[in-house]
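Asker: Quick one: sequence and predicted model below, then my questions.
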Amino acid sequence: MTSHDVIERTTYAEGNESLAAELNGRIASLDLAGRLSAAAELGHAVFTTSLGIEDQVITAAIGTHRLPIEVSTLETGRLFKETVELISETEARYDMTIRRFYPQQDDIDAYAAKYGLNGFYDSIEARHACCHVRKLIPLAKALSQAQVWVTGLRRGQSGNRATTPFAEYDAERGLIKVNPLADWDIDTINAHVTAEHIPVNPLHARGYPSIGCEPCTRAIKPGEPERAGRWWWENDEKRECGLHVPESASQPIPASVPLASSIAR
């Protein structure tokens with residue numbers, strides 16, 4: 001990389017940091033549709049949905065108001081059948097296409113050869129490696145053309161997310177990240193879903209407030225935090241998959257595990 005490239009990248013980052021800071025202060029007073037519209041005005045916007053209740057609220061707003069935001073999901077290959085079925089139901093309800101991004105089979109095979117297909121139960125390293133193959137690599141593809149990344153992060157979801165801003169610059173991915181529901185609590189979410197008749201995952205009614213891959217998600221017990229059912233066998237209360245909150249102890253995938261997607265590059 002030349003000195004010119006460094007200067008150019010630095011200038012780009014500083015410009016986006018300023019845009020994100022301005023947007024963060026501006027959209028707090030807007031309704032959800034207004035927040036999403038403001039995000040879309042900054043460039044090609046991609047919303048990545050996990051089909052959870054928050055994400056369904058955002059998808060409904062995008063579809064209802066015909067906003068120019070691409071909706072994508074990470075089809076990890078280990079989702080609950082209820083989640084997979086909700087993708088098609090949501091597409092039909094809002095007359096939209098939700099783009100699916102899948103892990104590469106060669107990467108899954110390489111992971112299984114090293115750890116076993118369900119090796120994520122055995123160590124944090126193995127679990128991070130699985131998330132990397134099934135979620136982080138597909139996410140990079142989903143966001144490859146994006147200038148703005150829209151998410152369903154809320155401050156009330158976990159302690160890790162308690163200070164989530166409305167907008168921030170994601171230096172790792174070089175784009176502006178917008179969290180239009182940052183200040184919505186779960187009661188507001190539920191009331192909105194009821195009022196707008198938004199389709200949601202039936203697992204929510206069975207004690208699953210946060211839904212990920214089936215082997216890694218359980219129903220929570222009364223009084224537990226919303227995300228307590230994710231990777232429940234781990235003791236770390238700050239556990240994440242790496243999509244939004246990097247885990248300092250994580251090694252996304254050890255160098256000793258060759259990835260077909262990396263080799264292809």
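Answerer: Structure's in. What do you need?

Asker: Residue 195 sits in which helix or strand?
Answerer: Assigned by DSSP states H and E, residue 195 belongs to helix 186-196.

Asker: pLDDT on stretch 26-42, on average?
Answerer: Mean per-residue pLDDT for stretch 26-42: 97.

Asker: now the end-to-end length of it.
Answerer: Terminal residues of stretch 26-42 are spaced 13 Å apart (C-alpha to C-alpha, to the nearest Å).

Asker: for it, the distance to its chain's centre please.
Answerer: 19 Å (C-alpha atoms, centre = their mean, to the nearest Å).

Asker: ok, and what's touching it?
Answerer: Under the contact criterion C-beta atoms under 8 Å, 6 or more residues apart in numbering, stretch 26-42 has outside partners 19, 23, 45, 57-58, 61-62, 64-65, 67-69, 147-148, 150, 166-167, 176, 178, 180-181, 183. Just so you know, the C-beta spots here come from the backbone N, C-alpha and C atoms, and that holds for glycine as well.

Asker: Buried residues of it, list them for me.
Answerer: 27, 32, 35-40, 42 (16 or more other C-beta atoms under 10 Å).

Asker: With respect to residue 112, which of the residues you listed is nearest?
Answerer: residue 39 (38.1 Å; C-beta to C-beta).

Asker: Please name the nearest non-neighbouring residue to that closest one.
Answerer: Using C-beta to C-beta, 6 or more residues apart in numbering and skipping residues adjacent in sequence, the residue nearest residue 39 is residue 178, 4.2 Å away.

Asker: Distance of that neighbour relative to residue 48?
Answerer: Per C-beta to C-beta, to the nearest Å, residue 178 is found 12 Å from residue 48.

Asker: Next, show the common contact partners of these two.
Answerer: Taking C-beta under 8 Å, 6+ apart as the criterion, residue 178 and residue 48 both touch 149-151.

Asker: Return the subset of those lying in helices.
Answerer: If you go by DSSP state H, the shared contacts of residue 178 and residue 48 have nothing in helices.

Asker: Scan these and report the most crowded one.
Answerer: Ranked by the number of neighbours (other C-beta atoms under 10 Å), the shared contacts of residue 178 and residue 48 place residue 150 first, at 29 neighbours.

Asker: give me the beta-bridge partners of that residue?
Answerer: Bridge pairing for residue 150 (DSSP bridges) gives the partners residue 47, residue 178.

Asker: who are the neighbours in contact with it?
Answerer: For residue 150, the contact set (C-beta under 8 Å, 6+ apart) comprises 36, 39, 45-48, 58, 69, 178-180.

Asker: can I get these in TSV with distance to residue 117?
Answerer: As requested, these are exported to TSV (distance: C-beta to C-beta, whole Å):
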residue	distance to residue 117
36	38
39	38
45	35
46	30
47	30
48	25
58	32
69	35
178	36
179	33
180	36
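
Asker: of all these, which comes closest to residue 205?
Answerer: The closest of these to residue 205 turns out to be residue 58 (C-beta to C-beta; 20.2 Å).

Asker: what's the neighbour count on residue 68?
Answerer: 11.

Asker: Phi and psi next, for it.
Answerer: With angles defined as degrees, to the nearest 10, residue 68 sits at phi -80, psi 60.

Asker: Surely it touches residue 47?
Answerer: No: Residue 68 sits out of contact with residue 47 when judged by C-beta atoms under 8 Å, with a separation of 11.0 Å.

Asker: Touching both of the two, which residues are there?
Answerer: Counting by C-beta under 8 Å, 6+ apart, residue 68 and residue 47 have no shared contacts at all.
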